[in-house]
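Student: next come a sequence and a model predicted from it.
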Protein chains: 2
Amino acid sequence: MNIAEVAKAAGLPAKTIRYYEEIGLIQPKRSENGYRAFAEADLHKLAFVGRARSLGFSIVECRALLALYEDRARASGDVKALAVTHLAQIRAKIVELRSMEATLADLVQACNGDHRPDCPILRGLSAPGSGDA
Amino acid sequence: MNIAEVAKAAGLPAKTIRYYEEIGLIQPKRSENGYRAFAEADLHKLAFVGRARSLGFSIVECRALLALYEDRARASGDVKALAVTHLAQIRAKIVELRSMEATLADLVQACNGDHRPDCPILRGLSAPGSGDA
DNA sequence: GCTTGACCTTCCCGTCACTGGAACCCCCAT
DNA sequence: ATGGGGGTTCCAGTGACGGGAAGGTCAAGC
């Protein structure tokens, strides 16, 4: 398979696939003309990484997941540990975003949003705690 | 004020303050010795930007907010529009993260996490939809 | 007066995960 | 032979800084 076909099948841009090769996530063979020649296994790995990335795993984590994926003697505990850690990061991020959301929603709600200059949002940003009114 | 004092007062690293000057968010004067000489107004702007950043506004958005902050003839509607847009982005991000969280939590929950190689997490990443069992 | 150490300056590289674009090669059909 | 649609490499840029080097400055202590 050439890169365009694999890109379509894996749902990744060709640029991304070249990048993944560059950083060593995959090692596709080369045809005589210099084109990358992807095997089924390469495609599976790319799709795997694509899904892991869509769950928010970093490239470093994807590399580790891929290594476990390819290791028939892996312990599922190792995989789970990675996933649990990442899940905690996601949850922490959600907490952070919800805090932002709450603060911002309060400010937005307090602001008339008209043609006048008076603005609780700017006041809130100028001095926290003395947000509205 | 020198940079360390302002950094402490604004709660920002000195590096960040230099960066903000570099990109034109602030324009502190210089002492004869070449040191930055921050006025109260600079400090206020830095604290303002710091708070906006902590609410997740990008530098571009902070620049716009600062311009509104300094414009006594602003319309609060302009501020609100910026904030509403950003709030929508935050909420979209939360939705995305919650989707990741749900998927990942399912996978984690299905995985024994023992010494054996069988792993629903890896299966889920290999082929979505045929996640567990 | 000299040293020490804390503070300041600029400059450049590295981060993360790509993305865009230039310049060039290859293959097939007309 | 020519055109278009593949493919290739390499370089630069993104956002918002952080680390660290090389060097100037200042206040204190001896």
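Tutor: The structure has been received and is ready for your questions.

Student: quick one: distance of stretch A:95-114 to the chain centre.
Tutor: 26 Å (C-alpha atoms, centre = their mean, to the nearest Å).

Student: average model confidence for it?
Tutor: The average pLDDT for stretch A:95-114 rounds to 97.

Student: now it: buried residues?
Tutor: A:97, A:100-101, A:103-104, A:107-108, A:110-111, A:113 (16 or more other C-beta atoms under 10 Å in any protein chain shown). For every residue, glycine as well, the C-beta is placed using N, CA and C.

Student: and for A:Arg30, the neighbour number?
Tutor: With neighbours defined by other C-beta atoms under 10 Å in any protein chain shown, the count for A:Arg30 comes to 9.

Student: is it bridged to anything, and to what?
Tutor: For A:Arg30, the beta-bridge partners under DSSP bridges are A:Arg36.

Student: and it, how far from DNA strand D?
Tutor: Note on A:Arg30: its distance to DNA strand D, by C-beta to the nearest atom of the strand, to the nearest Å, is 7 Å.

Student: and the residue positioned nearest the centre of chain A, what element?
Tutor: In chain A, the C-alpha nearest the mean C-alpha coordinate belongs to A:Gly56, at 3.4 Å (C-alpha atoms, centre = their mean). Assigned by DSSP states H and E, A:Gly56 falls within no helix or strand.

Student: contacts only, for the residue lying closest to it once chain neighbours are set aside.
Tutor: Ranked by C-beta to C-beta, 6 or more residues apart in numbering or on different chains and with sequence neighbours excluded, the top spatial neighbour of A:Gly56 is B:Met100, at 5.0 Å. Residues near B:Met100 by C-beta atoms under 8 Å, 6 or more residues apart in numbering or on different chains: A:54-56, A:90.

Student: same question for A:Glu101.
Tutor: By C-beta under 8 Å, 6+ apart, the neighbours of A:Glu101 are B:87, B:90-91, B:94.

Student: and A:Arg72, by the same measure?
Tutor: For A:Arg72, counting by C-beta under 8 Å, 6+ apart, the contacting residues are B:Pro117.

Student: that one and B:Arg116: what is the separation?
Tutor: Distance check for A:Arg72 against B:Arg116: by C-beta to C-beta, to the nearest Å, it reads 11 Å.

Student: also A:Gly77?
Tutor: Relative to B:Arg116, and taking C-beta to C-beta, A:Gly77 is found at 9 Å.

Student: check contacts around the nearest residue to A:His115 once chain neighbours are set aside.
Tutor: Nearest residue to A:His115, sequence neighbours excluded (C-beta to C-beta, 6+ apart): B:Ala75, at 4.6 Å. By C-beta under 8 Å, 6+ apart, the residues touching B:Ala75 are A:114-117.

Student: pull the longest helix from chain A.
Tutor: helix A:76-110 (DSSP state H).

Student: can you redo the buried residues of stretch A:95-114 as TSV with distance to B:Ile23?
Tutor: TSV is the format used below for the buried residues of stretch A:95-114 (distance: C-beta to C-beta, whole Å):
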residue	distance to B:Ile23
A:Leu97	25
A:Met100	23
A:Glu101	27
A:Thr103	25
A:Leu104	23
A:Leu107	25
A:Val108	27
A:Ala110	30
A:Cys111	27
A:Gly113	28
